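In: What follows is a predicted structure for the sequence shown.
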Amino acid sequence: MTRTRVAPSPTGYPHIGTAYQALFDFVYAKKDPRGKFIIRIEDTDKKRFVEGAEQVVYKSLEWLGLLADESPVNGGKYGPYRQSERLDLYQKYASELVERGHAYYCFCSQERIDALREEQEKNHLPPMYDGFCKKLTSDEIQQKIANGEKYVIRMRIPEDEIITVHDSIRGEVKFLSKILDDQVLVKSDGFPTYHLAVVVDDHLMEITHVIRGEEWLSSAPKHILLYKFFGWEEPIWTHLPLLRNPNKGKISKRMGHASIFWYRDEGYLPETVLNFIALTIWGRDKDHEMFSVSDMIKEFDFSKIRIAAPVLDIAKLDWLNGVYIRNLSILDLKKRLIQFDQPIQFLDQNKLDKVLSLIKERMRRLKEFWDLADYFFADPKISKEEMVKQMLKESKLSPSKTIKDLSYLSNLKLLRWEAKEIDEALHKSQDNSQTPPRQFFMPIRIALTGKSQTPPLANVMEVLGKDEVVKRIATAKNHLA
RNA sequence: GGCCUCGUCGUCUAGUGGACUAGGACGGUUGGUUCUCAUCCAACAAAUCGCGGGUCCGAAUCCCGCCGAGGUCACCA
């Protein structure tokens, strides 16, 4: 049975990299009908802990629809799923390692470690612990502990071994054990480091596949060593290529789009985000750029992943989101908009339906709704001066001729108020005015909407209603006069 | 700097020794539809496959070297 996990630490906002890893963990687990996707909270760093960050992690993954089968909130038979609640476990396994000679107590002060590192850097040596405390006798150790001296537990790295990481997308990656540092497993505050906790938990929770970011590849040999020390079976390792910024660096907080919530707040659909993320490292041919999570579950295979670290292209995201929005029914789009921006529910819903059918194909992010549609629900947001200026700029005519052109619209009053008929009348008016089409229509557009880019005039007018149109035209004529 | 990973149009990718005059998508440009924008449609530009050697009748594809980019070297994850 496949069991995968995503293991975020509650140290801030939820990173898009977490969503990326969670997606592949989720998809891979679900290939197995009995597979389980697990969220485990790695809160072993008390210094970086951020209050409330854990809830934000759940919220962001929920928004994406990556729901966990087991987690701190859902529970499960492998719990607890929060590392801070499993401290006794790590302690127990660390002691076991010490007893079997795979780890040792270290009483070195931070000052000694700092001095050592400084010295090594000066001599251009790799900064590593020098094994000073390895030589301590058990009597000395007992004595120091009895004296209440602070200590950490370090891993005893074997001297000359080749450690091979079998990675499902990279093949065999070999490391020499001598370049590995005697990693701290238990900190002086009694908390485990990531390296101990991750191995103990993945084993105890029976994780079959560890799918995580490439930043973990270089510490994988330490983890493999721990599996060996304990005599446990290793999981299948997969190190996903890191997502990058256009500047080729890793996604930084300053770019905004590092946070999952940025995507939500800009008005991207969760399915777009997932599709987009998958698309960046998973090439498909032209007819198959769009795919859902269930498509991914069907087709996913590690061999399809591209190993090079991709750059996130927001322009392509915008395009993709536009396609997803266009494929939504009006009803569905309305639901999404209300979810996105509550006040939209208080608009005239009949009118909203008509508006949406006009702006749907113009919307790339849900956020653009008000920009695209405000004038349907309120007077154009444009000052008198600005309106006059723009109308004259577009008409390229004198104010009096522009007013005259607008007056041709008086015959509209007689119409059955429906786009097709309005359109005919509009063109007839333009004909009569002798003004070229663009110069004739643009001032009307600005008068009605305050904008130079809108859906076709006749459609806009139909939705606006006869009275409102007559009123806005009259206002515009006054402004011009 | 040591170690590890990676390197095809601006970006994402197809490609696993001949069907590659290297294909598609986004973006860009131009044109069509049109009252504007968007949609839709059509076309164009864009990669000497990081560079240099080799193997082979034949290489984006295999080998070597170099260069470049990223990751990692914490009592952070």
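Out: Sure thing, it's come through.
In: going forward, measure contacts between C-alpha atoms and count neighbours the same way
Out: Will do.
In: quick one: contacts of the helix or strand of chain A with the lowest mean pLDDT?
Out: Using mean pLDDT, DSSP states H and E, the weakest-scoring helix or strand in chain A turns out to be helix A:110-122, at a mean of 88. By CA atoms under 8 Å, 6 or more residues apart in numbering, the residues outside helix A:110-122 that reach it are A:126-129.
In: for the closest residue to residue A:303 other than its chain neighbours, what are its contacts?
Out: Leaving out its chain neighbours, the residue that sits closest to residue A:303 by CA to CA, 6 or more residues apart in numbering is residue A:169, at 6.3 Å. By CA under 8 Å, 6+ apart, the residues touching residue A:169 are A:238-239, A:302-303, A:305, A:307.
In: Would you list the phi and psi of residue A:75?
Out: phi 70, psi -160 (degrees, to the nearest 10).
In: Could you report the pLDDT at the residue nearest to it when sequence neighbours are not counted?
Out: With sequence-adjacent residues excluded and distances taken as CA to CA, 6+ apart, residue A:75 is closest to residue A:81, at 7.3 Å. With respect to pLDDT, residue A:81 has a value of 97.
In: can you count the residues close to residue A:81?
Out: 24 (other CA atoms under 10 Å).
In: close enough to count as contact, it and residue A:69?
Out: No: if you go by CA atoms under 8 Å, residue A:81 and residue A:69 don't touch, sitting 11.7 Å apart.
In: Any regions of the stretch 1-150 of chain A where pLDDT drops low?
Out: Within the stretch 1-150 of chain A, not a single segment meets pLDDT under 70.
In: show me where it has strands.
Out: With DSSP state E, counting those that start in this stretch, the ranges of strands along the stretch 1-150 of chain A come out as A:3-6, A:36-39, A:103-106.
In: These: which one's closest to RNA strand B?
Out: strand A:103-106 (7.9 Å; CA to the nearest atom of the strand).
In: Name the residues that touch the closest one?
Out: A:94, A:97-98, A:133-134, A:141, A:151-156.
In: cool, and stretch A:397-409?
Out: Contacts for stretch A:397-409 (CA under 8 Å, 6+ apart): A:392, A:395, A:426, A:429-430, A:432-433, A:435, A:440, A:443-444, A:473, A:477, A:480-481.
In: Select from the residues you listed the one having the most neighbours.
Out: Highest neighbour count within those, by other CA under 10 Å: residue A:443, with 29 neighbours.
In: Pretty sure it sits against residue A:389.
Out: No: shown here, residue A:443 and residue A:389 do not form a contact pair, counting by CA under 8 Å, at 10.1 Å.
In: Show me the domain layout of chain A.
Out: According to automatic domain parsing, chain A comprises the domains A:87-240, A:260-374, A:384-480.
In: so can I have JSON lines of those domains showing distance to RNA strand B?
Out: Below are the domains of chain A laid out as JSON lines (distance: least, CA to the nearest atom of the strand, whole Å):
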{"stretch": "domain A:87-240", "distance to RNA strand B": "3"}
{"stretch": "domain A:260-374", "distance to RNA strand B": "3"}
{"stretch": "domain A:384-480", "distance to RNA strand B": "3"}
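In: Measure how far the strand or helix carrying residue A:335 is from the centre of its chain, please.
Out: According to DSSP states H and E, residue A:335 maps onto helix A:330-340. Put simply, helix A:330-340 sits 21 Å off its chain's centre (CA atoms, centre = their mean, to the nearest Å).
In: Report the buried residues of that helix.
Out: If you call a residue buried by 16 or more other CA atoms under 10 Å, then helix A:330-340 has these buried ones: A:330, A:333-334, A:336-337, A:340.
In: tell me what that helix is packed against?
Out: Secondary-structure packing of helix A:330-340 (3 or more CA pairs under 8 Å, 6 or more residues apart in numbering; DSSP states H and E): helix A:349-359.
In: swap the cut-off to 10 Å and go again
Out: Under the contact definition 3 or more CA pairs under 10 Å, 6 or more residues apart in numbering; DSSP states H and E, helix A:330-340 sits against helix A:260-266, helix A:314-327, helix A:349-359.
In: that's a strand at the residue nearest to residue A:303, yeah?
Out: No: Residue A:169: not assigned to a strand; according to DSSP: H, G, I helix; E, B strand; the rest coil it is coil.
In: picking that back up, for the strands of the stretch 1-150 of chain A, which one sits closest to residue A:364?
Out: Between residue A:364 and the strands of the stretch 1-150 of chain A, the tightest spacing by CA to CA is seen for strand A:3-6, at 30.4 Å.
In: what packs against the closest one?
Out: Strand A:3-6 packs on helix A:16-31, strand A:36-39, helix A:194-204, strand A:209-213, going by 3+ CA pairs under 10 Å, 6+ apart.
In: can you put those in JSON lines and add distance to residue A:182?
Out: Formatted as JSON lines, the helices and strands packed on strand A:3-6 follow (distance: least, CA to CA, whole Å):
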{"stretch": "helix A:16-31", "distance to residue A:182": "28"}
{"stretch": "strand A:36-39", "distance to residue A:182": "29"}
{"stretch": "helix A:194-204", "distance to residue A:182": "12"}
{"stretch": "strand A:209-213", "distance to residue A:182": "23"}
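In: I'd assumed residue A:160 was in contact with residue A:176.
Out: Yes: with contacts counted by CA atoms under 10 Å, residue A:176 reaches residue A:160, the gap being 7.1 Å.
In: What residues of stretch A:290-308 count as buried?
Out: Quick answer for stretch A:290-308 (16+ other CA under 10 Å): A:290-291, A:293, A:296-297, A:300, A:305-307.
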